[in-house]
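>>> all I have is the shape, not the residue letters:
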């Protein structure tokens, strides 16, 4: 989650205005760093400031209870290493007021997405694991391809108990590479996505799915992530650029409660990447650099990568950019829908596709209709304003697919292939864009497809009994 | 092998930037016009019998808008009465040329045209303003003044609604700008297809979902006559960043522009967040979220030789203003001490009636000159009342 670009802020081109000798704004001692334009700190005061920010964020939210188990996502990068260090400090006896939650650590190996060799992946895992093991907290190791094998219902899964068990010795690492079939599936999925933007987006959703799944299985009720403000500001703009406006608040707020049982928290969201980097340097916090799908790529390779360049570029000229963006995000919220059928099957965020006739979504559908159907068809469509028939005139793959006809939701038929339209109906606006990039929808991870077909069956069931339901909006959860 | 049009048998001549489909010329016209028609009908932009002013700058967006609306009004019988409305900012070498285009358009499309100028409304041309303020922040003046100028022109023409040529790219850019600036009030408003429903004249953007590139294509193939020169005064630098970002995004994923608009439409603001309440300006009666509208503050700054009033950090300018007022008061005290108190009460009452009737006055008077003369009088009358408000600001 952290990358080289974030680290770049550490040594900005010094302007001559900055005087070499400055004193700490708190204690008048010699300052060692400058956080913002005029805020110079000595090492001690900076540590106090950072630690306070971290603890205040946790304290203010009142979300983390005493003795609660919290799963901490560690990527090996700067920000999550910083978070890990802060947690360790907070739990140690030295701390002024001890933090009271019980952390467990997880590292997700995403080497498969950039075609790393088994040796490289092993080397990376070993490095991160070493850091994680030193803390003495329970550690877990996961690979992104495991997302392909997840079951829809996390609790019913018993098959891979041994694989998800706490990996505490380096020898056990070889276990990771048993996921050959899953790795192939993941690679096939990645290959069938045309754009890097969509790949990045999907990786993010899969990563989140693994975190949530592991937390559920191991009895954690919170997932803690080391997203810093620079990272989140980029995320916020990326969200907007990808049509995720409705989910901005969830993606960047302190607490993300899109999943009912697990809350994702981001305790260092007030730290700039500069503060993170300086904290790590001053404390000799080790971090591991692991290349990602956009590392060393051109700016225009993906939306997220472009946005990162845009934000960091602006930040260099206008130092308030990140905080301005974050301030905007704080004023927004995401409306949560109660029923899980109103959640996107991929990113779990509430669906944002229920829109009035005059909206971007219906304008897009109309554009597709109007430039893909002959004018004769169109005149039929235009008489019916509610119909936007985006997919109905695309000829390919429009075979009616019914499930085996049990109608009681117990359909097990593997043959029933979901059509593109059926998949789309269960996705949010942004994940639909992702699917548009995907050659073959059946390549999606099994848990997503299962979820969608289950929804299909339920909708079908509902339509069959609809006439006898007293309140049509009343659905059992 | 030539690519066939997606819809008919003819050869395709373009790939739609919005959907990537190959279309022939006629099918593109058809798709383009149908989409604008759908935007208009879905959002109920037009009511039969209304007079609608098209904000015409002579640029591509407004030229195409005028052309398409006239065509659609005939084809689908909206029953609205279209007129052209232009604002003359007084920029030599730019606006005078583009206004020539508007005048030609007026004849080509046979629509009535009204031009209002900054000079007659505010007593300042942009050329004169730039002389005062320089090339930084001049766009602030132009933007703030134009918004009001369009409304005033529309009132003079007795229209019911204004439509502008803002396209999807413009709106996406504004969404990004408002996120960068943390301006939650505008962020919420900027994606609305119609604004100013209460109080002011409603303003709509029929091109809200139309890509800038497609507008250019439409104008290009229809050989429409439009003026394409950048304003000679440097464009807004910060907006330039947002614009470049949008263009880069569009290259990566062409739907990004509509996606951003979707994001803007689906944003929801926390209930606890205080939004600026829209009131009316105490002086000119125009909608404003402060006691005085931005245009009045900027204008006051210009007239008093403090052109930076209302731009950037306010405290420095306020201090200057305070100093000036203090000096004036000293000078004034010597002269007008005896009837000071009487004057203020008199002013207050006359000010009230003046602001109340100013709208009507503008509506009634046909020539701008007379209106201006009255405005100058108003200005002198209400200056005393404005000062405290300015200091508050």
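Noted; the coordinates are in hand. Predicted, not measured: the structure shown is a model, and the values here were computed from it.
>>> give me the residues contacting the host helix or strand of residue B:244.
Using DSSP states H and E, the element containing residue B:244 is helix B:237-252. Applying CB atoms under 8 Å, 6 or more residues apart in numbering or on different chains, the contact partners of helix B:237-252 are A:195, A:197, A:241, A:299-303, A:306-307, A:310, A:314, B:17, B:169, B:172-173, B:176-177, B:180, B:256-257, B:260. C-betas here are computed from N, CA, C, even on glycine.
>>> of these, select the buried ones using a PyMOL command.
Remark: buried members of the contacts of helix B:237-252, expressed as a PyMOL selection using 16 or more other CB atoms under 10 Å in any protein chain shown:
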select buried, (chain A and resi 195+197+241+301+302+303+306+307+310+314) or (chain B and resi 17+169+172+173+176+177+180+256+257+260)
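>>> got a list of what whatever residue of chain A ends up closest to chain B touches?
Of all residues in chain A, the one sitting closest to chain B is residue A:245 (2.6 Å; CB to the nearest CB). The contact partners of residue A:245, by CB under 8 Å, 6+ apart, come to A:239, A:352, B:260, B:262, B:263, B:264, B:265, B:266, B:267.
>>> what strands flank the longest strand anywhere in chain B, and is each parallel or antiparallel?
Using DSSP state E to define each element, chain B has its longest strand at strand B:81-88. Using DSSP bridges, the strands paired with strand B:81-88 are strand B:51-55 (parallel), strand B:113-117 (parallel).
>>> got the buried residues for that strand?
Neighbour counts over strand B:81-88 (16+ other CB under 10 Å) mark B:82, B:83, B:84, B:85, B:86, B:87, B:88 as buried.
>>> setting aside sequence neighbours, what's the nearest residue to residue B:116?
residue B:153 (3.8 Å; CB to CB, 6 or more residues apart in numbering or on different chains).
>>> got it, and residue A:301?
residue A:196 is the one closest to residue A:301 (CB to CB, 6+ apart), at 5.0 Å.
>>> count of neighbours near the residue of the stretch 201-350 of chain B found nearest chain A?
Closest to chain A within the stretch 201-350 of chain B is residue B:263: 2.6 Å, counting by CB to the nearest CB. Using other CB atoms under 10 Å in any protein chain shown, the number of residues around residue B:263 comes to 29.
>>> the helix or strand where it lies packs against which elements?
For residue B:263, the host element (DSSP H and E) is helix B:256-266. Contact partners of helix B:256-266 among helices and strands, from 3 or more CB pairs under 8 Å, 6 or more residues apart in numbering or on different chains; DSSP states H and E: helix A:229-241, helix A:360-372, helix A:429-436, helix B:168-181, helix B:237-252.
>>> before we move on, back to that, between the helix holding residue B:244 and helix B:256-266, how many degrees?
Orientation of helix B:237-252 against helix B:256-266 (axes from the mean of the first three to the mean of the last three CA atoms, to 10 degrees) gives an angle of 120 degrees.
>>> next, the angle helix A:229-241 makes with helix B:237-252.
Computed by the same axes, to 10 degrees, the angle separating helix B:237-252 from helix A:229-241 equals 60 degrees.
>>> next, the buried residues of helix B:237-252.
So for helix B:237-252, counting by 16+ other CB under 10 Å, buried means B:239, B:241, B:242, B:243, B:245, B:246, B:248, B:249, B:250, B:252.
>>> before we move on, back to that, touching the longest strand of chain B from outside, list them.
With contact meaning CB under 8 Å, 6+ apart, strand B:81-88 is reached by B:49-58, B:66, B:69-70, B:73, B:95-96, B:99, B:102, B:105-106, B:109, B:111-119, B:146, B:149-150, B:153-154, B:157, B:159, B:162.
>>> quick one, which of these are buried?
Neighbour counting by 16+ other CB under 10 Å classes B:50, B:52-58, B:66, B:69-70, B:73, B:95, B:99, B:102, B:105-106, B:109, B:111, B:113-119, B:146, B:149-150, B:153-154, B:157, B:159, B:162 among the contacts of strand B:81-88 as buried.
>>> show me what from the stretch 101-250 of chain B comes close to chain A.
Neighbours of chain A within the stretch 101-250 of chain B, by CB under 8 Å from any CB of the partner chain: B:175-176, B:178-184, B:187, B:193, B:208-209, B:241, B:245, B:248-249.
>>> quick one, what contacts the residue nearest the centre of chain B?
Geometric centre of chain B, nearest residue: residue B:147, 3.5 Å, by CA atoms, centre = their mean. Going by CB under 8 Å, 6+ apart, residue B:147 touches residue B:295.
>>> quickly find the element holding it.
Using DSSP H and E, residue B:147 falls within helix B:138-156.
>>> so which residue is smack in the middle of chain A?
Centroid-nearest residue in chain A, with CA atoms, centre = their mean: residue A:204, separated by 4.2 Å.
>>> could I get the pLDDT score of it?
Residue A:204 carries a pLDDT value of 93.
>>> what's near enough to touch it?
By CB under 8 Å, 6+ apart, residue A:204 lies in contact with residue A:347.
>>> that one belongs to a strand, doesn't it?
No. According to DSSP: H, G, I helix; E, B strand; the rest coil, residue A:204 belongs to no strand; its state is helix.
>>> roughly how far does it sit from residue A:247?
Distance, residue A:204 to residue A:247, using CB to CB, to the nearest Å: 12 Å.
>>> what touches both of these two?
Common contact partners of residue A:204 and residue A:247 (CB under 8 Å, 6+ apart): residue A:347.
>>> hang on, the earlier thing: what's the angle from the helix holding residue B:263 to helix A:429-436?
For helix B:256-266 against helix A:429-436, the angle by the same axes, to 10 degrees is 150 degrees.
>>> packing partners of the next helix or strand after helix B:256-266?
Counting by DSSP H and E, the element after helix B:256-266 in chain order, helix or strand, is strand B:279-280. With contacts taken as 3+ CB pairs under 8 Å, 6+ apart, strand B:279-280 sits against strand B:287-288.
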